[in-house]
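Undergrad: Here is my input, please return the structure:
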Amino acid sequence: MTPEFADPSTSSLPLWLIRQGENEPVLPPELGSVAANWAKAQGFIGRPGQICLLPSAQGGIEGALFGIGPAPKPSSRPARERFSLARAAEALPPGSWRIANRPDGFDLTNGALGWLFAQYRFDRYKRIEPPKARLICPEELEPRRLIAMAAGEYLARDLINTPTSDMGPDELEQAARALAQRHGAAVEVIHGEDLLTANFPMIHAVGRAAAQAPRLIDLRFEGKGPRLTLVGKGVCFDTGGLDIKPPSSMGLMKKDMGGAANVLGLAETLARLGLHQSMQLRVLIPAVENAISANAFRPGDILTSRKGLTVEVNNTDAEGRLVLADALALADEEAPDLLISMATLTGAARVALGPELPPFFCDSDAVAAAIQSAGLSHDDPVWRMPFWEPYEAMIEPAIADLDNAPSGGFAGAITAALFLRRFTGQARAYAHFDIYGWQPSTAPGRPKGGAGQGMRALLHALPEILS
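TA: Below you'll find the predicted structure:
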């Protein structure tokens, strides 16, 4: 599925964005009294998402009113509902529509992007009709940029939504290769036993019990400038290993490669915009399935990582940080200007902030401020949490350098982030995103299912960070 705007040369109908007043809608004067009387008769007051079709004298439709709620109050708080214009895409009759007015305080960019997001349908296994209403991109916006962001989101959603029967390590590798082929990137993949020869022992340990071999996928894009390396957790299914998950926790584990899906989605957007040419972009994905077999890694095992640090396995269900650690160690050897990891890593992050506000951790105040500000400005919110130094002792067991699953249950997202940071140090700045990668219920522009998180925040922050 490809995001697209309507052809601006086609005939179109006007869509008026209407504020909600004290007791009635605030209609532009050019709509006239007939439209005002009609809106009143239909009970239209400009509530968010409310639609009123305007009839023509010939009995057809000559336009529509779309409610966007009261004028926003001066505040740094995000809007209660993101991508509200996506409701229009879902509800309007088929055809081409153009936005007829520009209300103060309405974010037209995110409105148009939300319309593109609303077109998405995951129809690999069942035919699902997308909305038939198409938007003509407002002339003051850049359609290529909006389509590139939507294409990255679509890719992330597709990868996450696909069940492991069709999205194991083999298929995730093929998705990465397809992206590389589209954009001229080089690909190197280390499979199976070769991981041991190449010194990626923890990726091998986690994935060795599965039918499909574990692997490390390495994409390099041609470009010059600062180094940006993205590392995405690619656990295509997580049974929990020998510390097996209960069925209620295993049901969504096809999404445990959401970090990989998100870094591939971000790379897709960067490449479509040509931004990869002004940087040295690298994408690393440790792709495994955490399965159960006679050769599965065990609780109590001591693993020696690529960096040489030893890790005591106190829970085989804390496998994501193990595979990320080897990939981060490799990435850090090049001392990139910005090193980013994205992973569906801890339930603690969801308990703390819920499913749609992912925490991130960063060792640079300037980089963190740029990311958080960009996220709030572009409806891709993220929230900084601390690398809290006093908790370092919690990840240091008695018989190894590190513990992959500290007991006690406290500060789970922080201790996981601290664990990962132990495998960095040479990068100029490091940021880790503990995403959920899933929309639990349908919202405007975001159907239930796989979801991108943090991609657009990073996209808009990168120019400032890498300048």
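
Undergrad: Confirm that T316 sits in a helix.
TA: No - according to DSSP: H, G, I helix; E, B strand; the rest coil, T316 belongs to no helix; its state is coil.

Undergrad: In this structure it contacts D243, no?
TA: Yes - here T316 reaches D243: they are 4.6 Å apart, a contact under CB atoms under 8 Å. Every C-beta, even on glycine, is put in place using the N, C-alpha and C of the backbone.

Undergrad: Looking at the two, which is more packed in?
TA: Just comparing T316 and D243: by other CB atoms under 10 Å the higher neighbour count belongs to T316, 27 against 18.

Undergrad: How much space separates that one from P299?
TA: 6 Å (CB to CB, to the nearest Å).

Undergrad: what's the overlap in contacts for those two?
TA: The contact sets of T316 and P299 overlap at 242-243 (CB atoms under 8 Å, 6 or more residues apart in numbering).

Undergrad: From the chain's centroid, how far away is the longest helix along the chain?
TA: Identified as the longest helix of the chain according to DSSP state H is helix 143-161. Centroid displacement of helix 143-161 relative to its chain, using CA atoms, centre = their mean, to the nearest Å, is 10 Å.

Undergrad: so what's in contact with T316 and D243 at the same time?
TA: Joint contacts of T316 and D243 (CB under 8 Å, 6+ apart) are P299.

Undergrad: gap between Y430 and I244?
TA: 32 Å.

Undergrad: May I see the buried residues of the following helix or strand past the longest helix of the chain?
TA: Heading C-terminal from helix 143-161, the first helix or strand you meet, by DSSP states H and E, is helix 169-183. Residues of helix 169-183 classed as buried: 169-173, 175-176, 179-180, 183 (neighbour count, 16 or more other CB atoms under 10 Å).

Undergrad: pull the CA atoms of helix 169-183 into CSV?
TA: Provided in CSV are the C-alpha atoms of helix 169-183 (Å, rounded to 0.1, in the frame of the first residue of the first chain):
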residue,chain,number,x,y,z
PRO,A,169,14.3,-13.8,10.8
ASP,A,170,14.4,-14.9,7.2
GLU,A,171,11.6,-12.5,6.1
LEU,A,172,12.8,-9.7,8.2
GLU,A,173,16.2,-10.0,6.4
GLN,A,174,14.3,-9.9,3.1
ALA,A,175,12.5,-6.8,4.1
ALA,A,176,15.8,-5.1,5.0
ARG,A,177,17.3,-6.3,1.7
ALA,A,178,14.3,-4.9,-0.2
LEU,A,179,14.7,-1.5,1.5
ALA,A,180,18.5,-1.6,0.6
GLN,A,181,17.7,-2.4,-3.0
ARG,A,182,15.2,0.5,-3.3
HIS,A,183,17.7,3.0,-2.0
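
Undergrad: Redo the buried residues of helix 169-183 as CSV? Include pLDDT.
TA: Formatted as CSV, the buried residues of helix 169-183 follow (pLDDT from 0 to 100):
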residue, pLDDT
P169, 98
D170, 98
E171, 98
L172, 98
E173, 98
A175, 98
A176, 98
L179, 98
A180, 98
H183, 98
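
Undergrad: export the residues you listed to JSON lines and tack on distance to F360?
TA: Formatted as JSON lines, these follow (distance: CB to CB, whole Å):
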{"residue": "P169", "distance to F360": "26"}
{"residue": "D170", "distance to F360": "30"}
{"residue": "E171", "distance to F360": "28"}
{"residue": "L172", "distance to F360": "23"}
{"residue": "E173", "distance to F360": "27"}
{"residue": "A175", "distance to F360": "24"}
{"residue": "A176", "distance to F360": "23"}
{"residue": "L179", "distance to F360": "24"}
{"residue": "A180", "distance to F360": "26"}
{"residue": "H183", "distance to F360": "26"}
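
Undergrad: Return the member of those nearest to A457.
TA: Nearest to A457 among the buried residues of helix 169-183, counting by CB to CB, is L179 at 20.6 Å.

Undergrad: So P14, which state does it fall into?
TA: strand.

Undergrad: Report the spatially nearest residue to it, omitting neighbours in sequence.
TA: Nearest non-adjacent residue to P14, counting by CB to CB, 6 or more residues apart in numbering: A100, 3.7 Å away.

Undergrad: Just give me the neighbour total for that neighbour.
TA: A100 has 17 neighbours, counted by other CB under 10 Å.

Undergrad: got the contact list for it?
TA: Applying CB under 8 Å, 6+ apart, the residues contacting A100 are 14-17, 63.

Undergrad: can you pull the pLDDT of the spatially closest residue to L273 that is not a sequence neighbour?
TA: Distances taken as CB to CB, 6+ apart place A148 nearest to L273, at 5.0 Å, with adjacent residues excluded. We have a pLDDT of 98 for A148.

Undergrad: again with the one 10 residues further on
TA: We have a pLDDT of 98 for D158.

Undergrad: Which residue ranges of the stretch 201-350 of the chain form helices?
TA: 201-207, 247-250, 258-272, 320-332, 347-353 (DSSP state H, counting those that start in this stretch).

Undergrad: Save the ones you listed as TSV, and put in mean neighbour count, distance to V34 and mean pLDDT too.
TA: Formatted as TSV, the helices of the stretch 201-350 of the chain follow (neighbours: other CB atoms under 10 Å; distance: least, CB to CB, whole Å; pLDDT from 0 to 100):
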stretch	mean neighbour count	distance to V34	mean pLDDT
helix 201-207	27	67	98
helix 247-250	11	56	95
helix 258-272	28	44	98
helix 320-332	27	60	98
helix 347-353	18	49	97
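
Undergrad: which stretch among those helices comes nearest L85?
TA: Of those, nearest to L85 by CB to CB is helix 258-272, at 20.4 Å.

Undergrad: what helices or strands is the closest one leaning on?
TA: helix 143-161, helix 169-183, strand 227-232, strand 280-290, strand 338-343, helix 455-465 (3 or more CB pairs under 8 Å, 6 or more residues apart in numbering; DSSP states H and E).

Undergrad: how close does A36 sit to F44?
TA: 10 Å.

Undergrad: Which one's more surrounded, the two?
TA: When A36 and F44 are compared for neighbours, F44 comes out ahead with 23 against 15, by other CB under 10 Å.

Undergrad: Name the nearest residue to that one, ignoring sequence neighbours.
TA: Nearest residue to F44 in three dimensions, chain neighbours excluded: C52, at 3.8 Å (CB to CB, 6+ apart).

Undergrad: burial count for the nearest residue to R82 once chain neighbours are set aside?
TA: Residue nearest to R82 in three dimensions, not counting chain neighbours: D379, with 4.6 Å by CB to CB, 6+ apart. Residues contacting D379 under the criterion other CB under 10 Å number 21.

Undergrad: Ok, D7 next?
TA: 11.

Undergrad: helix/strand/coil for it?
TA: Classified using three-state DSSP, D7 is coil.

Undergrad: and it, what does it touch?
TA: 96, 136.

Undergrad: And F200, by the same measure?
TA: Contacts of F200 by CB under 8 Å, 6+ apart are 190, 216, 286, 306, 326-327, 330.
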